[in-house]
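Student: I would like to see how this sequence folds:
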Amino acid sequence: GVCDNPSPATDPVLVIPPFPRVPRGTNGGVSLAGTAASVAGGLLIGAFYFVLGLPFNSARAPRQWMLLVVGALAGAIGSMIDSVMGAMLQANWLDTKTGKVRSHPPTLEEQKLRPNELRYISGYNILTNEQVNLVSCTLTACICWFLQILF
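Tutor: Prediction:
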């Protein structure tokens with residue numbers, strides 16, 4: 001996670017109601033620092049595009065500053081899409097012995113050997129993390145394409 005402070009006040013909350021606190025690493029968990037990092041990353045990409053595009057788009061330069069806004073929005077929107085999909089479409093299990101979050105349900109053998117050590121957190125085992133990333137990136141790109149038409 002972005003935060004290294006292990007206090008419960010900085011633990012992420014699940015992006016879907018009732019918004020419980022969840023362990024770091026849980027798919028769909030969001031924190032203020034993580035969301036700020038997503039916005040900053042989008043802003044940075046928008047800034048690079050702005051600076052590198054100025055020599056080629058000098059006629060449109062006054063409107064190029066909107067790339068910063070679109071970049072920041074893309075970071076925020078993409079992060080939220082990924083978090084909502086992760087919370088709902090990826091299974092989240094906590095291994096209470098190690099404190100690690102895993103994205104696959106326990107096998108029948110694990111359930112027998114470790115009945116109280118694996119706790120369900122949220123989500124359904126529908127998509128993998130890679131599939132969620134693909135869909136959220138595609139949706140974010142489509143939304144940004146639409147935003148650039150508006151600006």
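
Student: Tell me which stretches of the chain form strands.
Tutor: Counting by DSSP state E, the chain has strands at residues 13-14, 29-30, 92-95, 100-102, 118-122.

Student: Just name the most buried of the ones you listed.
Tutor: strand 29-30 (a mean of 24; mean count of other C-beta atoms under 10 Å). Where C-beta positions appear, they are placed from N, C-alpha and C, glycine not excepted.

Student: Check what contacts that strand and list those residues.
Tutor: With contacts defined as C-beta atoms under 8 Å, 6 or more residues apart in numbering, strand 29-30 is touched by 11-15, 22-23, 79-80, 83, 87.

Student: for the residues you listed, which one is nearest residue 46?
Tutor: Using C-beta to C-beta, residue 79 is the member of these that lies nearest residue 46, at 14.7 Å.

Student: which ones are touching the closest residue to that closest one other than its chain neighbours?
Tutor: Leaving aside its sequence neighbours, residue 79 sits nearest to residue 38 (C-beta to C-beta, 6 or more residues apart in numbering; 3.6 Å). For residue 38, the contact set (C-beta under 8 Å, 6+ apart) comprises 75-76, 78-79.

Student: From those, pick the one nearest residue 130.
Tutor: residue 78 (15.4 Å).

Student: ok, for the closest one, nearest residue in space, not its chain neighbours?
Tutor: Excluding the flanking residues, the one nearest residue 78 by C-beta to C-beta, 6+ apart is residue 140, at 3.7 Å.

Student: Which pair in the contacts of residue 38 has the greatest spatial separation?
Tutor: 76 and 78 (7.4 Å).

Student: which residues are common contacts for these two?
Tutor: Joint contacts of residue 76 and residue 78 (C-beta under 8 Å, 6+ apart) are 38, 42.

Student: Confidence-wise, which of the contacts of strand 29-30 comes last?
Tutor: Checking pLDDT across these, the minimum falls on residue 11 at 80.

Student: Test my guess that that residue contacts residue 26.
Tutor: No - taking contacts as C-beta atoms under 8 Å, residue 11 lies outside contact range of residue 26: 9.3 Å.

Student: rewinding a little: which one's more surrounded, residue 76 and residue 78?
Tutor: Using other C-beta atoms under 10 Å as the criterion, residue 76 and residue 78 rank with residue 78 on top: 21 against 17.
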